[in-house]
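Q: When you get a sec, could you give me coordinates for this:
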Amino acid sequence: MKKAVGSLVIMVLAAIAGFFLGAALENIAGGMILLALIAGIACIVYAIDSAGKESSGKK
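A: Have a look, this model is predicted:
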């Protein structure tokens, strides 16, 4: 549960940053979606990787 809340916070912060980046490039919604999607995929990869390390005993 803690990882899910952290991932959500990271995605919201990325969307806010994407808002300003998109405003500079004259495509606000595109910037928000792009950065939130990139952050979300990164969080998924991190969660899968850390779950694999926990189950195998490596840290």
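
Q: List the residues that contact the residue nearest to the spatial centre of the chain.
A: Of all residues in the chain, the one closest to the mean position by Cα atoms, centre = their mean is residue 39, 2.2 Å from it. Counting by Cβ atoms under 8 Å, 6 or more residues apart in numbering, residue 39 makes contact with 10-11, 13-14. Every C-beta, even on glycine, is put in place using the N, C-alpha and C of the backbone.

Q: what do you get if the cut-off is 6 Å, keeping everything else the same?
A: By Cβ atoms under 6 Å, 6 or more residues apart in numbering, residue 39 lies in contact with 10-11, 14.

Q: Show only the entries of the residues you listed found in helices.
A: Using DSSP state H, the members of those that fall within helices are 10-11, 14.

Q: backbone phi and psi for residue 26, please?
A: Residue 26 has phi and psi values of phi 60, psi 30 when expressed as degrees, to the nearest 10.

Q: picking that back up, of the contacts of residue 39, closest to residue 54?
A: Of all the contacts of residue 39, the one sitting nearest residue 54 is residue 10; the distance, using Cβ to Cβ, is 20.1 Å.

Q: What sits closest to the closest one if chain neighbours are left out?
A: residue 39 (5.2 Å; Cβ to Cβ, 6 or more residues apart in numbering).

Q: re the thing from before, which SSE is the residue nearest to the centre of the chain in?
A: Following DSSP states H and E, the helix or strand that holds residue 39 is helix 28-56.

Q: Count the residues that sit near residue 31.
A: Per other Cβ atoms under 10 Å, the neighbour tally for residue 31 reads 21.

Q: show me what contacts it?
A: Taking Cβ under 6 Å, 6+ apart as the contact definition, residue 31 lies against 18, 21-22.

Q: distance of the residue lying closest to it once chain neighbours are set aside from residue 42?
A: Among residues not flanking residue 31 along the chain, residue 22 sits closest, at 2.2 Å (Cβ to Cβ, 6+ apart). Distance check for residue 22 against residue 42: by Cβ to Cβ, to the nearest Å, it reads 19 Å.
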